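Trainee: return atomic coordinates for the entry below.
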Amino acid sequence: METINLCDNNDFLIKVGKNSRILGIDPGKKNIGLSVSDPNQKIATPFKIIVMKKFKQFLEELNNIIREYEIKGIVIGNPINMDGTPGPRSQSARDFAQNISKNTKLPITLWDERLSSEGAFNLMSDLDINSSKKSKNLDQHAAAFILQGYLDFLNK
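Mentor: As a prediction, the model looks like this:
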């Protein structure tokens, strides 16, 4: 399958359409954080963390979530450098997106995730969540932070 479903941020909305859920992904080497939008594409909610063991198992779980929650598009965090240039981690995110795109027909876009983990950690601090829970749930909250950034872009 070709990777024809990677699209830029503006085309993504056209392909996803309104009144549909979007999945946010914070890719990591070990943990993959997931978040889900509401159907109105206004609010991102932390969903879960998938511990990456084998990519095939990850895809199976991802496809189950896509079916169960009727996901129509995927936003993947892109950790570009602070100066705006792509770095090695950005290339890893792009490779991750291309690997997913080979296994789904859903539109996929990359979204700047600079400071998403820090933003998620600070948000959890504001909510008075203790440190052990913060660390345990950081990846799914980072995914929500990434997806919320994209949703805010859509709704501006």
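Trainee: look at residue 141 and give its secondary structure.
Mentor: helix (DSSP: H, G, I helix; E, B strand; the rest coil).
Trainee: what about the helices in this protein?
Mentor: 9-16, 55-68, 88-101, 116-126, 131-154 (DSSP state H).
Trainee: redo those helices as JSON lines? Include distance to residue 40 and mean pLDDT.
Mentor: Every residue, glycine included, has its C-beta placed from N, CA and C. Compiled in JSON lines, the helices of the chain are given as follows (distance: least, C-beta to C-beta, whole Å; pLDDT from 0 to 100):
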{"stretch": "helix 9-16", "distance to residue 40": "12", "mean pLDDT": "87"}
{"stretch": "helix 55-68", "distance to residue 40": "19", "mean pLDDT": "95"}
{"stretch": "helix 88-101", "distance to residue 40": "25", "mean pLDDT": "90"}
{"stretch": "helix 116-126", "distance to residue 40": "21", "mean pLDDT": "48"}
{"stretch": "helix 131-154", "distance to residue 40": "9", "mean pLDDT": "78"}
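Trainee: ranking those by burial, who's on top?
Mentor: For these, average neighbour numbers computed from mean count of other C-beta atoms under 10 Å are highest in helix 131-154, which has a mean of 21.
Trainee: nearest residue to the middle of the chain?
Mentor: Among the residues of the chain, the one closest to the centroid is residue 25, at 2.1 Å (C-alpha atoms, centre = their mean).
Trainee: what residues does that one make contact with?
Mentor: 32, 33, 34, 74, 75, 76, 77, 143, 146 (C-beta atoms under 8 Å, 6 or more residues apart in numbering).
Trainee: how about the third one: what's its closest non-neighbour residue?
Mentor: To tie it back to what came earlier, the one meant is residue 34. In this structure, residue 34 finds its nearest non-sequential neighbour in residue 47, 4.5 Å apart by C-beta to C-beta, 6 or more residues apart in numbering.
Trainee: just checking, the one you found touches residue 36?
Mentor: Yes: assessed by C-beta atoms under 8 Å, residue 47 is found in contact with residue 36 at 4.8 Å.
Trainee: residue 36 is in contact with residue 69, correct?
Mentor: Yes: using C-beta under 8 Å, residue 69 is in contact with residue 36, at 5.7 Å.
Trainee: show me which of the two is the more surrounded one.
Mentor: Neighbour count, other C-beta atoms under 10 Å: between residue 69 and residue 36, residue 36 has more, with 21 against 15.
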